[in-house]
Structure formats: C-alpha cells, structure tokens
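Q: compute the structure for the input listed below.
(chains A and B)
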Amino acid sequence: MTQRAWDRPWCASFNVENLEQKVEVVGWIRRRRDLGGLVFVDLRDRTGIVQLVFETEMLSYGEKLSPEDVVRVEGTIRRRAEGQANPDLPTGEIEIRVSGCEVLTSAETPPFVVEDDTNASEELRLKHRALDLRRPKMVSNLILRHRVVAEARRFFDEMEFLEVETPILTRSTPEGARDFLVPSRVHKGEFYALPQSPQLFKQMLQVAGVGRYVQIARCFRDEDLRADRQPEFTQIDVEASFITEEDIFFLIERLFGCIFPMVGIDPPETFPRLSYAECMERFGSDRPDTRFGLELVELGPQCEGCGFRVLESAAEEGRVKGILLPGGADYSRKQLDGLAEFVKPYGAAGVLWFKLTADGVGSPAKKALGEDGCRRFLEAAGAGEGDLLLVVGAPERVVFAALGALRVHLAGERDLIPKDRHDFLWVTDFPLLEHSPDDDRYFAMHHPFTAPLPEDEALMESDPGVVRARAYDVVMDGVELGGGSIRIHSAQLQRQMFAALGIDAAEADERFGFLLEAFRYGVPPHGGIALGLDRMIMLMAGRDSIRDVIAFPKTTSASCLLTEAPSGVDEDQLKELGLKV
RNA sequence: GGGGUCGUAGUUCAGCUGGUUAGAACGCCGGCCUGUCACGCCGGAGGUCGCGAGUUCGAGUCUCGUCGGCCCCGCCA
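A: Model (predicted):
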C-alpha cells in the first residue's frame, strides 16, 4: 500500500491501465446510490471523482456514508460491468471495489449540494466558501489561476525580469483612489496606507538599476465595488528601463501568447492599435469591444438647420451621434422606451429613434423633420429597410458614455457577439490630463509620472488639455486588462507636469519627495504596465464576475461573509493606537 | 452618495385584486430494492414569510424604516 501521502493517487487519476491494482484513496463523499444489496458512492477530491462499490461484507460501510464525509478507502480497480461505463467521467470505465473503509470525519448535511449545477445563491456560497470551492468549476478556476501565475513567472524569468516584493505598509499618496489606512501604534496619530499599486517603488527599482522588474502584486483601493472590481486585487506589475512603448507591446503580446492558449485562445502575434480619440469616436469607449459592429455614426452635419430645435442645439453645443441597428425596426415602442431609460444614467435625456420600413420612415421626430428630413439621418447612417437608427445628442462625454454603453447593451440583447471570437488591442495616445469641472483643475489621467508625447510637449503650458500621453491600455473583448505608460525621467518635464496639475514644489516634495530625490542621482528612461490578473482569469474562465476567480472575495458592500470582516475591535486595541471611534 | 432588484422550509422558488390549515421541487430522516451514476419506489419530519414599526376586522401580500445579497451610475491616478 501507499508509503507516503505524496505518492497516493488522486481520485481522478485512475483508468483502465490500473485494472487489478490495489489502491488507497482519500476524499469527500459526493453522492451515494444505495441499491439495497449494492451501494455506489462517488468519491471526490480536487481532481474529480471516482466510483466506489460497496458489496457483500462491505455493504454496511457504504450504507452509512453521507455527502461530504471524509473517508479513506482501500480497494481494487476493476472494469465496470458490460455496458455500465459512464462516458461523462474520465474515470467512467473503472470503479474501485472497496475492501476497507475508514470514515476520517463525518459531515453534517451541507447547506447546499456541492456540485457544479448547484442552485445556491452567491451569498450562501460565500458564507460557506470551503464547500463552494469544492465544486469542480471553482476548483478549475483556482487551478487555472495557479497555472497562469506559474507561467507568467516562468515567462518573466526567461525574459530576465527580477521579481521584487514591495511594501504593503506604505505611505498615503493621494491623487488617485481612496487609500486604505492602517494606524501606527508607534507613531500615534499617523497612518500607513496600503498600496493602490507599487507604482513609486517599481520606479525606484529602475533608479536602483534592477532594469527589469515584475511582481505578482496585491493592490488595495477603497472604492465602491462592482462585478469586476474588488477592494483588494492582484496585478502582474511590470516595469523596465531603457525601453519604449514598442518594447512593452512586444513583451505583453509574447506573454499573452504563452498564457491564453491554456484555455484555447490564440491571440494574434501583434495586437491592433487604436488611438484613444479613434476609440471614442467609433465605439464611445476607451476599452472597445471590437468583436461586433454597431459603430457610432456622426450625425452632426445632418442636424445643422434641420428644423428640429433639440437636435440643432445639441449639435451646436455638444455632439450628435447614433448607432444603426440592422434589422432593428422590429423594436416595439416599449423596447424603445426601455432603451431611452437605459441611457439615462449616463446623463442623456433619452434616445431619438428612426425606423426605416416598407411603409416609410417612423420616428417621433417626423413631425419636426418631415419624411425627407428623417431620411437624411437614415441615409447618413447607411440605413436599409428594416433598420433602426438610435440617436443621442448631448455634451460629448455624455454622447460617448451613453452610446458606448448602449452599443454593448444592444449587442448583448441581439446576441451579436460571436462566442468563439476574442479580440485583443492596444489603446494608445490617451490624453495626459483630464479637466475636472468641479475642482477647475487638471488631474493626471494615468498618473503624474506619465510622459507626454514628445510632439505635444510644447503644449504643456499653453494648452495642457490636448496633450497626449505615452500611455497605453491593453483591451480584450471590451475589458481593460491592463495599462501603463512610459514615465517622465527629466526633472524639467516633471516640473512642467506638476505645474499643469497645480502641484507646487513644496507639495510635490512632500508627496513624492523620495522618488524625486532618487531621480536626481541617475534615473534611466523607463516605463511599464500593470495587468489585472483577476480580470484576466475571469475572461479566461469565461466568468462574468471576478469573485468566481478569487478564493475569498468580498461582497459589493466590501464585507467578507466568511469572516464577517470588517469588524469592531476591543477598546484596548483602539487605546494602544491612540484612536477613538 | 444615488438608482434598480431580490429577501418565504436546509436549498431554489411559487404564493393572483389583503382572507381561514403558506405550497412545489431538490435535500434530510425512516422503509424497500444487486449495476446505479440527477438510481427508483413508499412513507415522514421540516416555516418567527430578513428585522422593526404602521394601515386594516384581518398583512407573506399594502406603507414607512432598517439590515443583507446582486446589478448599475458616481467613484475607481
């Protein structure tokens, strides 16, 4: 029998090549099928299941087993009876005739059935995560994640990157997401912050001459959650010296070429590149899903003097664009009202629609525009009979947000997204700065160390809003997988950047002084990228929630149902920290 | 911070315009069964309708509040 635990076979490791072997297996009872004089039991571990057979003198042992009991059994591998093989199971041709059985622990009835098609709510699954993680789908997500990380480490090692750990207890650097703060006991009234990303440290490492840095890094942001956003998440964090955008693109394209084939996705050797401006104009999004059409069409010129005041003023003061939905003329009034509602959270007043049918044009704007006026819009969009044109007129950022979201919504509703297609692309030439109307100042769109495009540098002072950045995102199927930039390494340029951001020398020194100081002693040109590991695994596993690929995720209210974190603490603990609540 | 939606046996749900004993399926318990793999058949137990107020003769159902899950907007350099 087995000598070492490490040599003991996994449940799903058996097949017809093991016939007649005496084996010992351990695992959890998945299901019992008691036929009276014969009991079948499925035994499960993380690799899968194997069927145990209890008969004759072992019958009484089998009868006592219930789901999730932990057992060790001995037995002999044998071929299943003629015609009794289960083709759905890797171990379906064999079974273990049990000759010895020890219940290591018996389990209470679980709150839900531990199987892939469990109908347990996510809330219940999170409360009983250990049970949930026994489900084959969840196990396979954990395994996939492990393999991706292992492959990424192998890849970066081969590319001569150095993995360096950066601090979890670090310094708050506002401008960005809200920080998680950790009170200091030694320095009462002062706080550490958990890193939103290892940004400053990885740049320090370039000054240090590491040259090529990588880290599978946990990051923390105290912002509201979403299906694809958790307060702590993992990045594949990359930074390198003496490189350009082209080197980063090459690196990541190579990396994806190693990773995505694990799930049967073959990325192209090089990814298409689209400028930020083009993305916004064509897709209304800086992370476009290019797997389907429905591109935005320009309708500004058609609005001019069209006679419909609403459109005229929208075109003058903002933008008017539309989406042509081929065959969409079958949308009912109710569905169209639904689309108008859909668009409202993005700031649009509604959606103006035009239908082209055999009977002519249908539109709420027909009265104002007339049949011919409506046709001008339909023609501009290239509409044919049976098509639907949806139009939004509003300030530019609203038009993009509303139509960008509507486009994805329509594609889902009409099932226009090819299942087996996956699109990768680079989005480039992001704006360097973003104007905030509320604060009437500029914020760094990426972060304050992002370099401007050389040809735009001259505009830093005169017209900072139009300066483009040496920043890039990698996008897959409409999901932002990561982003990065070439950094500023010139003190002069950095001063200009701070000036544009309204950060004076004293403030810059207080916030980032340690990095700026390091830069004075020989900073190499450098740049990098950070990839969202959780999202990447989510896409690879074909899930639509990041929680399914994180072992112990938090709920949308940022609590952990398993540990009930966050929780109150003792008065003593607070006192030691000099805190009052 | 805002909007939407859900909360009823262990679980997933049904429960109409407020009405008498709150149902189903799966699971669980007991019995029968030697080739099942969602085993089958027979029987049984199991409910503070999230919590708290209110309206009403009467509330799972209506109203308000509150807690929790999920989705979205804002936010996320």
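Q: what ranges do the helices span in the stretch 251-400 of chain A?
A: A:276-283, A:300-303, A:309-317, A:333-343, A:366-380, A:396-413 (DSSP state H, counting those that start in this stretch).
Q: residues near the closest residue to residue A:395 other than its chain neighbours, how many?
A: The shortest distance from residue A:395 to any residue other than its chain neighbours is 4.2 Å, reached at residue A:318 (C-beta to C-beta, 6 or more residues apart in numbering). Where C-beta positions appear, they are placed from N, C-alpha and C, glycine not excepted. Residues lying near residue A:318 (other C-beta atoms under 10 Å) number 17.
Q: residues in contact with the residue lying closest to residue A:533 once chain neighbours are set aside?
A: Among residues not flanking residue A:533 along the chain, residue A:234 sits closest, at 4.2 Å (C-beta to C-beta, 6+ apart). Counting by C-beta atoms under 8 Å, 6 or more residues apart in numbering, residue A:234 touches A:216, A:217, A:218, A:219, A:532, A:533, A:534.
Q: tell me the helix or strand right after the helix or strand where the second one lies.
A: Right, residue A:217. Secondary structure from DSSP states H and E places residue A:217 in strand A:212-220. Going down the chain from strand A:212-220, the next helix or strand is strand A:232-241, by DSSP H and E.
Q: are any of the contacts of residue A:234 buried, and which?
A: Among these, those buried by neighbour count (16 or more other C-beta atoms under 10 Å) are A:217, A:218, A:219, A:532, A:533, A:534.
Q: so which strand or helix has the last one?
A: Secondary structure from DSSP H and E places residue A:534 in helix A:533-540.
Q: pLDDT (mean, whole number) over that helix?
A: The average pLDDT for helix A:533-540 rounds to 97.
Q: for that helix, which outside residues touch it?
A: With C-beta under 8 Å, 6+ apart as the contact definition, helix A:533-540 has outside contacts at A:141, A:144-145, A:148-149, A:216, A:228, A:230, A:233-236, A:259-260, A:262-263, A:265, A:476-477, A:479-481, A:544-546, A:548-550.
Q: those residues of the stretch 51-200 of chain A touching RNA strand B, which are they?
A: A:51, A:53, A:55-56, A:66-67, A:80-81, A:84-86, A:88-89, A:92, A:95, A:109, A:111-113, A:119-124, A:126, A:175-178, A:196-197, A:199 (C-beta under 7 Å from any atom of the strand).
Q: on that earlier part again, quick check: which of the helices of the stretch 251-400 of chain A is buried the most?
A: helix A:396-413 (a mean of 20; mean count of other C-beta atoms under 10 Å).
Q: hmm, that one in reach of RNA strand B?
A: Yes. Against RNA strand B, helix A:396-413 shows contacts by C-beta under 7 Å from any atom of the strand at A:401, A:405.
Q: distance between that helix and the chain's centre?
A: The chain centroid and the centroid of helix A:396-413 are separated by 19 Å under C-alpha atoms, centre = their mean, to the nearest Å.
Q: and stretch A:451-463, by the same measure?
A: Distance, centroid of stretch A:451-463 to centroid of chain: 32 Å (C-alpha atoms, centre = their mean).
Q: flag the shaky bits of chain A, pLDDT-wise.
A: A:1-2, A:174-175 (pLDDT under 70).
Q: can you list the domains in it?
A: Chain A is divided into the following domains under automatic domain parsing: A:5-105, A:139-275+A:424-549, A:292-413.
Q: now these in a markdown table, with distance to residue A:558?
A: Output for those, formatted as a markdown table (distance: least, C-beta to C-beta, whole Å):
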| stretch | distance to residue A:558 |
| --- | --- |
| domain A:5-105 | 29 |
| domain A:139-275+A:424-549 | 5 |
| domain A:292-413 | 22 |
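Q: closest one to residue A:281 among those domains?
A: domain A:292-413 (6.7 Å; C-beta to C-beta).
Q: give me the nearest residue to residue A:398, chain neighbours excluded.
A: Nearest non-adjacent residue to residue A:398 (C-beta to C-beta, 6+ apart): residue A:347, at 4.1 Å.
Q: thinking again about what came up before, okay, and the beta partners of the residue nearest to residue A:533?
A: Beta bridges link residue A:234 to residue A:218, judged by DSSP bridges.
Q: against residue A:157, how distant is it?
A: 18 Å (C-beta to C-beta, to the nearest Å).
Q: sorry, back to before: mind listing residues that contact the strand holding residue A:217?
A: With contact meaning C-beta under 8 Å, 6+ apart, strand A:212-220 is reached by A:149, A:152-153, A:156, A:159-166, A:168, A:179-180, A:194-198, A:202, A:205-206, A:231-241, A:528, A:530, A:533.
Q: repeat that for stretch A:160-168.
A: Under the criterion C-beta under 8 Å, 6+ apart, residues A:153, A:156, A:194-195, A:198, A:201-202, A:205, A:210-218, A:238, A:240 lie in contact with stretch A:160-168.
Q: list the buried residues in it.
A: For stretch A:160-168, by 16+ other C-beta under 10 Å, it's A:161, A:164, A:166.
Q: where along the stretch 1-150 of chain A do the strands fall?
A: Taking DSSP state E, counting those that start in this stretch, the strands of the stretch 1-150 of chain A run over residues A:22-34, A:38-45, A:48-55, A:70-79, A:94-105.
Q: among those strands, which is nearest residue A:386?
A: Nearest of those to residue A:386, taken as C-beta to C-beta: strand A:48-55 at 49.9 Å.
Q: show me what that closest one is packed up against.
A: When contacts are defined as 3 or more C-beta pairs under 8 Å, 6 or more residues apart in numbering; DSSP states H and E, strand A:48-55 sits against strand A:22-34, strand A:38-45, helix A:59-64, strand A:70-79, strand A:94-105.
Q: again, only using 6 Å
A: strand A:38-45, strand A:94-105 (3 or more C-beta pairs under 6 Å, 6 or more residues apart in numbering; DSSP states H and E).
Q: just the angle between the longest one and strand A:48-55, please?
A: Our comparison of strand A:94-105 with strand A:48-55, counting by axes from the mean of the first three to the mean of the last three C-alpha atoms, to 10 degrees, yields an angle of 90 degrees.
Q: name every strand pairing with strand A:94-105 and say which way it goes.
A: strand A:48-55 (parallel), strand A:70-79 (antiparallel).
Q: contacting residues for the residue nearest to residue A:343 when sequence neighbours are not counted?
A: Leaving aside its chain neighbours, residue A:343 sits nearest to residue A:402 (4.4 Å; criterion: C-beta to C-beta, 6+ apart). By C-beta atoms under 6 Å, 6 or more residues apart in numbering, residue A:402 lies in contact with A:343, A:346, A:348, A:392.
Q: filter those residues by proximity to RNA strand B?
A: Near RNA strand B, taking C-beta under 7 Å from any atom of the strand as the test, the members of these found are residue A:346.
Q: quick one: contacts of stretch A:560-577?
A: Against stretch A:560-577 from outside (C-beta under 6 Å, 6+ apart): A:126, A:127, A:129, A:183, A:185, A:554.
Q: any idea how far residue A:240 is from residue A:203?
A: For residue A:240, the distance to residue A:203 - C-beta to C-beta - is 11 Å.
Q: got it, and residue A:85?
A: 60 Å.
Q: verify the stated contact: residue A:260 with residue A:268.
A: No. Here residue A:260 does not reach residue A:268: they are 10.6 Å apart, not a contact under C-beta atoms under 6 Å.
Q: who has more neighbours, those two?
A: residue A:260 (19 against 13).
Q: for the more buried one, which non-adjacent residue is spatially closest?
A: In this structure, residue A:260 finds its nearest non-sequential neighbour in residue A:267, 5.3 Å apart by C-beta to C-beta, 6+ apart.
Q: likewise for residue A:128?
A: residue A:111 is the one closest to residue A:128 (C-beta to C-beta, 6+ apart), at 5.6 Å.
Q: strands of the stretch 151-300 of chain A, start to end?
A: Using DSSP E, counting those that start in this stretch, strands in the stretch 151-300 of chain A cover A:162-163, A:181-183, A:191-193, A:212-220, A:232-241, A:273-275, A:296-298.
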